[in-house]
Structures are given as structure tokens and as C-alpha cells.
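K.L.:
what's the 3D shape of this:
(one chain, ligands or ions: 1)
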Amino acid sequence: MQMYDLIRKTRSRVPLSESEIQWLVTNFTNGSIPDYMMSAWLMAVCCQGLTEAETVALTLAMRDSGITLEHSAYGCVTVDKHSTGGIGDKTTLVIAPLVAACGGHVMKMSGRGLGFTGGTIDKLESIPGFSVYLTAEELEHCVRDIGCCVVAQSGNLTPADKKMYALRDLTATVDSIPLIAASIMSKKLATGADGILLDVKYGSGAFMKTPEDARTLAECMVKIGTAAGKRCRAVITDMDTPLGCCVGNALEVEEAVCILRGEVHSRLYWLCLELAAQMLCLSGKGDVVECRKLAERAVQSGAAFAKCREMVAAQGGDTAVLDDPEQLPQAAVQKTVTAPEHGFIAAIQSEETGLACLALGAGRTADRPEIDPAAGVRFRKTVGDPVTKGEPLFTVYGRTEALCDAAAARLAAAVTISPKAPEKRAMIYAML
Ligand code: URA
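P.N.:
Okay, the predicted model is just below:
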């Protein structure tokens, strides 16, 4: 087989066979196919697309490029969730213990922050002592006996995706639906859960800018999951505005805890209930109406918060922070910005919020690989809220006055106040 011929075929929309795709992935992973040839093929995919059968074959070949995890020893139905990323997305922190409190078993491998989007692992690491690396025995105990764990990806999982993603990042070939779907689903399938819930975001803070594109990506991923023998569902959700009121690692842990304790009934709370209900359906706990009730009761009864405490303790974290958030990392400087005029909050731009928090230190940059767990923003108002001149709009948290001043200016520009109340946007656009 010649890589040159495969590039020509994809460029001319002649579908590759399963064995050609397997050959391509194996030989790229082991270094036999040079980066320049793979880049040309990735660009051909970006421009011409792949058929459904090619996308499934690519995903399975990527899944099998490294180790794959096996859940059969756990003796229970396991379920996983993937969010395509966004600003202030702390749903995993809520959902993992919530689903476990309702009798589900969640094995969640999460990532660190990428660019301006936050990562669940960075958020959890703001809890003193919390370990995101567990041994196989610890993992089994957490999933089987406690019902949940959230860990970092470790071991040689999907090396083909690591190499391919790095190349896509450098060659303007990230935004291709079959490549994104294969990349995400290869990792989810290698992680081994029986059920997979996909939360596909659209809007200014998401990969997919429109709900239509998000639906196409979601349909593609559900088809791959189903073809691989998994129970798979997708929810398409709004990421035009940050999710919840806090963005930043320790701040988001604090907000997730408030939700688990039933203290906040925000859009984020309702989204978490819906995602948990879908995961419980995938776990065979009933239909979606029954599962929604189960999840709501688990929050009201305190069972979800108790499960969070169990999970944090099992992963070595200090549970005192769950009762007293002041024990989480605290910023040296806090700056509150007030509304310059009367009106309604018409928009809070997600991407700008993410970039402002990144500059504050909540995420990594090439010249600053360390994150500041206390950095971020707490919005005091949300989209649709009325506001009067001089009322607090948001508080910025950071290491220095200069960092906070720069972030405050950027965030002030990201908040639009208008004389008329904006139209309500649904949190959930569609479910598949
Ligand atoms: N997330 C992934 O894991 N892969 C992509 O290609 C895009 C987003």
C-alpha cells in the first residue's frame, strides 16, 4: 500500500477500505508514515470529508492504536460522559456523584484545560490532596463500590489521536466533523464504558458555532458509538454564554458544591439534572422521566452531596473544603466591577470570558505552564437579569492588581447591557 495513493483517493472522494484505514493509522502511529504525508491526507479529509463507514473505521483503528480499558471486572453497567468543551463547564463535578447517588456507576476520564477552555482535572486539583491518578485496584474500588471516580487520562491510550491531534493543530485541520468525531470517540471507546453520553456544545465558546453543526457532529458520534456496540446518546446544548456564574478552577468547585447541596436552581442545575437523567437511562435505571425524578430527589435528600464527599475522600482530597469553600485556594486580589448603566444583561461572551480567565492564570499558556487555581471570575448577574447602574456585575480574582485590572476591562467589554430584556435561549437545543 502507498500513502500517496490513499491521499489521492481521499482527495478525489474515493472511499478508503477498512484495511486501508487501519494501515494508515498503524503506520502513522509507528512513525512509518511521515508527518508531511499525514498532513496532506488530513487536509484532504478536511476538504472532502469521509463516508460514515470510513469515519467508523478511522475511529476503531485509532481506539486500537494503544491500550483499551476493560470494565467487565467491575460487574456493573458503567457510564461515561463527554462534553465537547466550553467556558465554566463544571457539569462533570456535579454529575459523577449525582449519578452514583442514584445507583449508577461512572468512570470518567477527563482532560486538563486546553487554550481558553477549562479542564475538569485542573478544577479537581484545586481540592487539596485530590489525586487524579489511581491504580487499577483503586479505580475498580471507586467505580464498583462508591459508584464514581474522575481521573486523568494515563497510560498509552489512543496514541494515534495524540499524534494526529498535534499535527491537526499545526496544519489548520482541526475543524473537520469526521476528524473531531473520530478523535473524541476513539478516546471514549478506549476508556471502555458501556454507555456514553455526549454533551455537544454550540455557540461562541464552543468548537461548533451553530446548533446545526453541533447536531451533525452529535449524529456522527452517536453513529460511531452505536456501531462500536455501545449505548450512546447526545444532548446539544447552548455555550453562547458561560455555564454557571463562575469560571476558574477553585471557583467552579465551589459552584458545583452549591449545586450538589441544592442551594442553587440555575440553568446549570437544570442542565446537570438532565445530563444525569440521560446517564441513568443509559445505565438502565428507568425512562427519562423516572430518572429525572431520581436525580432531583438525590439532590434534595443530600445523597448527591454525601456521594461527592465519598468520592473526594476516596481520591485523597480534603473534604473540609466541601463544607467551607474558604479553604479552597484564595486569590490575593479581588476586584468587583459595577454596571455602568440601567438595563438588562443581553449577552456575556463566552470566548472573551475564557480568554480573560486564561490571561488571569486560570489556564496554561506556552510561556506559563503553571495555573493559578484561585484565578477567575464570578458573575453576579446572568443573561436576562435586570440591572441598575452601580450594581455589582462581576468579581475578578487574581494574583496581582495589574492582572485583575486587565481582566476586568476585557470582561466589562464582554458583557452587553441593553434597554430591552433579551429573548430567552433554551439551554437544550435537541437530544438524540
Ligand atoms: N476534542 C478532541 O478530543 N478532539 C478534537 O478533534 C476536537 C475536540
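
K.L.:
now the stretch 201-350 of the chain against the ligand: closest residue?
P.N.:
residue 207 (6.0 Å; CB to the nearest ligand atom). (C-beta placed from N, C-alpha, C; glycine too.)

K.L.:
contacting residues for the residue nearest to that residue when sequence neighbours are not counted?
P.N.:
Leaving aside its sequence neighbours, residue 207 sits nearest to residue 84 (CB to CB, 6 or more residues apart in numbering; 5.7 Å). Contact analysis of residue 84 by CB atoms under 8 Å, 6 or more residues apart in numbering lists 180, 184, 198-201, 206-208, 214, 217.

K.L.:
all strands of this protein, in order?
P.N.:
Ranges of strands in the chain, per DSSP state E, are 79-83, 106-110, 148-152, 195-202, 231-238, 246-247, 333-338, 343-348, 376-379, 386-387, 392-398, 415-418, 428-431.

K.L.:
before we move on, back to that, for the contacts of residue 84, pick the one with the most neighbours.
P.N.:
Among the contacts of residue 84, the one with the most neighbours (other CB atoms under 10 Å) is residue 200, at 33 neighbours.

K.L.:
so it sits right up against residue 219, yeah?
P.N.:
No - here residue 200 does not reach residue 219: they are 9.4 Å apart, not a contact under CB atoms under 8 Å.

K.L.:
so what's in contact with the two at the same time?
P.N.:
Common neighbours of residue 200 and residue 219 (criterion: CB under 8 Å, 6+ apart): residue 234.

K.L.:
how many other residues sit next to the residue in the stretch 51-200 of the chain positioned nearest to the ligand?
P.N.:
Nearest residue of the stretch 51-200 of the chain to the ligand (CB to the nearest ligand atom) works out as residue 183 at 3.4 Å. Number of residues near residue 183 (other CB under 10 Å) recorded here: 21.

K.L.:
how many neighbours does the nearest residue to it once chain neighbours are set aside have?
P.N.:
Nearest residue to residue 183 in three dimensions, chain neighbours excluded: residue 161, at 5.2 Å (CB to CB, 6+ apart). Residue 161 has 25 neighbouring residues, counting by other CB under 10 Å.

K.L.:
show me the contacts for residue 161.
P.N.:
So residue 161 contacts 62, 65, 183, 186-187 (CB under 8 Å, 6+ apart).

K.L.:
between these, which is closest to residue 135?
P.N.:
Taking CB to CB as the measure, residue 187 is the one of the contacts of residue 161 closest to residue 135, at 20.8 Å.

K.L.:
how about the closest residue to residue 81 other than its chain neighbours, what does it touch?
P.N.:
Nearest residue to residue 81, sequence neighbours excluded (CB to CB, 6+ apart): residue 197, at 4.5 Å. Counting by CB under 8 Å, 6+ apart, residue 197 touches 79-82, 232-235, 275, 278-279, 282.

K.L.:
for residue 29, same thing?
P.N.:
65, 159-160, 163.

K.L.:
same thing with residue 276?
P.N.:
Contacts for residue 276 (CB under 8 Å, 6+ apart) come out as 94-95, 98-99, 102, 291, 295.

K.L.:
distance of it from residue 70?
P.N.:
For residue 276, the distance to residue 70 (CB to CB, to the nearest Å) stands at 25 Å.

K.L.:
surely residue 153 and residue 109 touch.
P.N.:
Yes - using CB under 8 Å, residue 153 is in contact with residue 109, at 5.0 Å.

K.L.:
can you redo the contacts of residue 161 as CSV, where the extra columns are distance to residue 351 and pLDDT?
P.N.:
Formatted as CSV, the contacts of residue 161 follow (distance: CB to CB, whole Å; pLDDT from 0 to 100):
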residue, distance to residue 351, pLDDT
62, 28, 97
65, 32, 96
183, 21, 94
186, 27, 97
187, 24, 94
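
K.L.:
would you point out the most distant pair within those?
P.N.:
Greatest spatial distance among these (CB to CB): 65 and 183, at 11.9 Å.

K.L.:
roughly how far does the nearest residue to residue 1 once chain neighbours are set aside sit from the ligand?
P.N.:
The shortest distance from residue 1 to any non-neighbouring residue, by CB to CB, 6+ apart, is to residue 23 (5.1 Å). Using CB to the nearest ligand atom, to the nearest Å, one gets 22 Å for the distance from residue 23 to the ligand.

K.L.:
residue 23: how many residues sit nearby?
P.N.:
Considering only other CB under 10 Å, residue 23 is surrounded by 18 other residues.

K.L.:
per-residue pLDDT, residue 83?
P.N.:
pLDDT for residue 83: 91.

K.L.:
give the bridge partners for it, please.
P.N.:
residue 199 (DSSP bridges).

K.L.:
pull out the buried positions in stretch 6-22.
P.N.:
6-7, 9-10, 16, 20-22 (16 or more other CB atoms under 10 Å).

K.L.:
hang on, the earlier thing: quickly note the distance from the residue nearest to residue 1 to residue 41.
P.N.:
Taking CB to CB as the measure, residue 23 and residue 41 are separated by 12 Å.

K.L.:
is residue 48 in contact with residue 16, as I believe?
P.N.:
No - in this structure, residue 48 is not within contact of residue 16 by CB under 8 Å, at 11.5 Å.

K.L.:
gap between the spatially closest residue to residue 262 that is not a sequence neighbour and residue 93?
P.N.:
With sequence-adjacent residues excluded and distances taken as CB to CB, 6+ apart, residue 262 is closest to residue 299, at 4.6 Å. Using CB to CB, residue 299 is found at 14 Å from residue 93.
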